[in-house]
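Enquirer: pasting a predicted model and its sequence here:
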Amino acid sequence: MNETIWTPKLVELRLAEAASVLKRLPEDRRLGYFNTWPQYRHDFADLVEQEPRKTSMPPPSPTAISRMEAALEWTFGLEPTEGTIIWLRARNIPWKTICWKVGLQRSAAHENWMYGLCMIALTLNQQRFNRKLSRRRIIELANASEAKRSPA
């Protein structure tokens, strides 16, 4: 049986995929409202000064939505600051914006982010650890378990 061994990098990739799936989900539509106007075919002259139409990605597959729903629950056990940083990074928000939003310096925000990813990875691997350990010790523990499990 092929069980996934979760690493902080794999958790980061899955959360980024979940953020992408959330972005691609169709918007809620209000029932009862519709457009009776016919579709208009624009000539080239009509399109000259218009902004280009935004292209959208195709809707996500059902398996991607299932993985997204599972990933949404991963941050429930974290502190709100860590969860916020993790989801902002998953949405590819720059560090400067994240630091401004959560009120932390870059190094502290990065440590919170790594700590959150490591906590998720250790929890998903069902590895026992003391939650009272320091942030740096948890990060070292996750990196050590990743090094032990990876084939050399």
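Expert: Done, it's in.
Enquirer: longest helix in the chain, by residue count?
Expert: helix 106-124 (DSSP state H).
Enquirer: report all helices and strands that that helix contacts.
Expert: Counting contacts by 3 or more CB pairs under 8 Å, 6 or more residues apart in numbering; DSSP states H and E, helix 106-124 is packed against helix 8-24, helix 80-90, helix 95-102, helix 135-149. For every residue, glycine as well, the C-beta is placed using N, CA and C.
Enquirer: count the residues that sit near the residue lying closest to residue 95 once chain neighbours are set aside.
Expert: Nearest residue to residue 95 in three dimensions, chain neighbours excluded: residue 106, at 5.7 Å (CB to CB, 6 or more residues apart in numbering). Burial measure for residue 106: 11 neighbouring residues, criterion other CB atoms under 10 Å.
Enquirer: list the contacts for residue 106?
Expert: Residue 106 makes contact with 95, 96, 99 under the criterion CB atoms under 8 Å, 6 or more residues apart in numbering.
Enquirer: measure the closest residue in space to the second one that isn't next to it in sequence to residue 135 for me?
Expert: Translated: residue 96. Distance criterion CB to CB, 6+ apart; nearest residue to residue 96, sequence neighbours excluded, is residue 106 at 7.9 Å. Going from residue 106 to residue 135 by CB to CB, to the nearest Å gives 16 Å.
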